[in-house]
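In: output the structure for:
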Amino acid sequence: MPAKRAKTTIVDAIRHKQLFGSLPAFSSLDTWVGWLAWLKAVFALPMDESEHAIYQQCTGRTNAPGTSPSEIFTVVGRRGGKSFISSLTAVYIACFSSFKRYLNTGERAAILVLARDWDQAKIVFNYVLGILHAVPPLNAMIAVERADEIELDNDVIIMVKTSDFRAIRGLTVAAAVLDEVAFWNAEGVSPDHEVLTALRPAMATIPNAKLVAISTPYSQAGSLYEAHKEFYGVDNDDVLVWQADTRTMNPTIDAGLVQRELERDPEAGRAEWLATFRTDLQAAFSPEALEACTVKGRDELPASPLIQYQAFVDPSGGKVDSFTVSIGHKENGKAIVDLVKAWHPPFDPGVVTSEMAEVLKGYGVLNITGDNYAGEWPVAAFRGHGIAYERCEKSKSELYLAFVPVTNSGGVELPDDKRLFNELRRLERRRGRHGKDTIDHPPRLHDDLANSVAGVSYLLINAETRLRFDQERLREMLQAAYEPPFRGYLIASNQNILGVKPEADPKGCARMWEQPKISHSYVIGAHEGEGVEKSAYVLDRRDLSLCVEWHGRIDSDLFAEEVAKLGRVYNSALIGCEDDDCTTYQALHRLGYPKLYRHDDQGNFVKASWIASAVDGLDTLIREGWTCPSRELIEELLSVVVKDDGRANLRGKSRAAAVAVAVKVKHVSGLESIYPSLKRRQ
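Out: Below is the predicted model:
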């Protein structure tokens, strides 16, 4: 009986000139000493004295492995040849192993190479394909080639994928190579922990299946670091950890280059070239603390008219980053994040701004704070939708630093959003050279949701917010609010002396609770708001009851025409604006409207003081029991806050401003204030 033929080892294949030895990379093995020692450790092959010395240096162990380990975590400096050697390992296992006895009919054994993203996956795939095509006996084994898969004629399929745990489900994996695992993304694909959790069961039915994680090191976090911390220097038959600087594995790299890089940035250089985990980086947020703050099963909380909300926005131009918003409120001293929402690129930022504005208005939010980095365009974009955008005074890093103690103390409730959790989990706290810490995302990762959540938390917890109007009284008014009997438009008509008639429309800008009465007189307050947002209110002068609310997005000249129609219908009502120079007032004057409230023209008028006085008058009216049927107006009054100077912040509050103007005009108006009729008498 002939002797059983010994299996070709991977080192044999490298030395064989018809196999891997035919590759140009292996024309000389003098520079491959480090990787040959690594391969012998991975496959439990005999080592010579020099290789054993390298093994001891790179593993911290004394004795060479007696059996082939099932999991190999390899930490090697940049340009050390990691992607090529991982590809070579995958090809060897695929072509020189037989797994048929472990497979069911129609089943294939998968040799899985997982990379950080498609660009890195393509590099690895080209290595795999190049090795197969360059070696004729292996090229003959190819049955089918696809964009990221190669089927061989021995019931093995080599698959090169991005690091998504879903790609593993259902596969029978004979070997898995995790390329640059320290840099795997936590967005759009899966974190390293989830991939490893999915891989181990997929490898359970193949004896001696191998998991090879190979990467340049980064921060002291993640599966690579955890394996290094637990198993480096520990004799273990199942897990091997290998750590080597660039030149140990690839001596062709110039020593002078490495030295210059170390001098330029010592921390980064030690990680990139010496393969040490960075000591200046650590995870900013504890996964345990984030888990404790996350309300399981909660996607979002519905808006309530009884709650005052705040929002933080992280804008994007639509090409690389997501456009995100977080909305929250404060309850019993805790920040409650009600909603997180992201629009992923590519997108039209104008369209997203419009959609986000509708989301914000659904929560009664008309004033937002946003990332300062985006510049001026978000201010103008949101203003066009009636929302005031204020740039945050704090940097992103400062927001994160403020958010750390909030999460550690359980001072925030977060929605159960996996992407948000992963973004926060991957943030890094970096120790500065002058003792000042900073927090940011790792290279090539994103933190758009995390930024908006940290921002809204800061607004809710760290920023003092004082509401302008009596909240209890407004909530009582809100319970009594009701829809008007008429909603629609006032259109031109020759059917009556006023030249105007109402036309019902459920989407109309005019909402009418009380029709005009012949014996009553009325006052109208008009306000231009932010951008094209306009509001006007008709009040009965006798008791200041609200008769009509007009609110919409319209040009100032057209708005003036609508206000003039209201004035004519309501017995030539006295119309007032915030000042005589605003475009609405000037347009009304050009239209020849007969009764306009005129501010002091003797040089004593101060707009800010007049508006502050108007707000005071409205506040007094509310406290004295004023009834208001408009739910939208009451909800806006609930959200008016006090600025640092003690005055109400009416940016984005055109309804509140308009009704305050109407109340003020009623209290101070007389014949001497009506323009231009007074001029004619003079």
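In: Val144: how many residues sit nearby?
Out: 10 (other C-beta atoms under 10 Å). In this view, the C-beta of every residue, glycine as well, is placed from N, C-alpha and C.
In: that's a helix at it, yeah?
Out: No: Val144: not assigned to a helix; according to DSSP: H, G, I helix; E, B strand; the rest coil it is strand.
In: tell me who's in contact with the residue nearest to it when sequence neighbours are not counted.
Out: The spatially closest residue to Val144, leaving aside those adjacent along the chain, is Glu151, at 4.1 Å (C-beta to C-beta, 6 or more residues apart in numbering). Contact analysis of Glu151 by C-beta atoms under 8 Å, 6 or more residues apart in numbering lists Arg108, Ile142, Ala143, Val144, Glu145, Ile157.
In: element containing Glu151, please.
Out: Element membership of Glu151, judged by DSSP states H and E, is strand 149-152.
In: chain center to that strand, what's the gap?
Out: Computed by C-alpha atoms, centre = their mean, to the nearest Å, the chain-centroid distance of strand 149-152 equals 38 Å.
In: same check on stretch 73-93?
Out: On C-alpha atoms, centre = their mean, the centre of stretch 73-93 falls 34 Å from the chain's centre.
In: list the buried residues in that stretch.
Out: By neighbour count on 16 or more other C-beta atoms under 10 Å, the buried set for stretch 73-93 is 73-93.
In: tell me how far the ends of stretch 9-19 are from each other?
Out: With C-alpha to C-alpha, to the nearest Å as the measure, stretch 9-19 spans 11 Å from end to end.
In: what does it contact?
Out: The contact list for stretch 9-19, computed with C-beta under 8 Å, 6+ apart, reads 8, 20-21, 26, 29, 32, 36, 39-40, 43, 45, 88-89, 92, 96, 135-138.
In: equivalent analysis for stretch 555-574, please.
Out: By C-beta under 8 Å, 6+ apart, stretch 555-574 touches 490, 498-500, 509-510, 516, 518, 520-524, 526, 528, 532, 534, 536, 538, 547-548, 550, 554, 575, 583-584, 587-588, 591, 593-597, 665, 669, 674.
In: now that stretch: how far from the chain's centre is it?
Out: 44 Å.
In: what's the answer for stretch 46-55, then?
Out: The answer for stretch 46-55 is 49 Å, by C-alpha atoms, centre = their mean.
In: going forward, begin numbering at 59 instead of 1
Out: Yes, from this point I'll number from 59; that puts the last item at stretch 104-113.
In: for that stretch, the averaged confidence score.
Out: For stretch 104-113, mean pLDDT rounds to 94.
In: same thing with stretch 599-614?
Out: 93.
In: that one: how far from the chain's middle?
Out: On C-alpha atoms, centre = their mean, the centre of stretch 599-614 falls 39 Å from the chain's centre.
In: can you pull the buried residues of that stretch?
Out: Arg599, Leu602, Ser603, Leu604, Cys605, Val606, Glu607, Trp608, His609, Gly610, Ile612, Ser614.
In: assumed the fifth one was part of a helix.
Out: No: membership of Cys605 in a helix is not supported by three-state DSSP, which gives strand.
In: from Glu330, how far off is it?
Out: 72 Å (C-beta to C-beta, to the nearest Å).
In: my read is that Thr230 contacts Arg166, right?
Out: Yes: judged on C-beta atoms under 8 Å, Thr230 makes contact with Arg166 at a distance of 7.4 Å.
In: which two among the contacts of Glu209 are spaced furthest apart?
Out: Across the contacts of Glu209, the longest distance by C-beta to C-beta is 14.9 Å; it joins Arg166 and Glu203.
In: name the residue in the two with the higher neighbour count.
Out: Each of Arg166 and Glu203 has its neighbours counted (other C-beta under 10 Å); Arg166 has more, 18 against 12.
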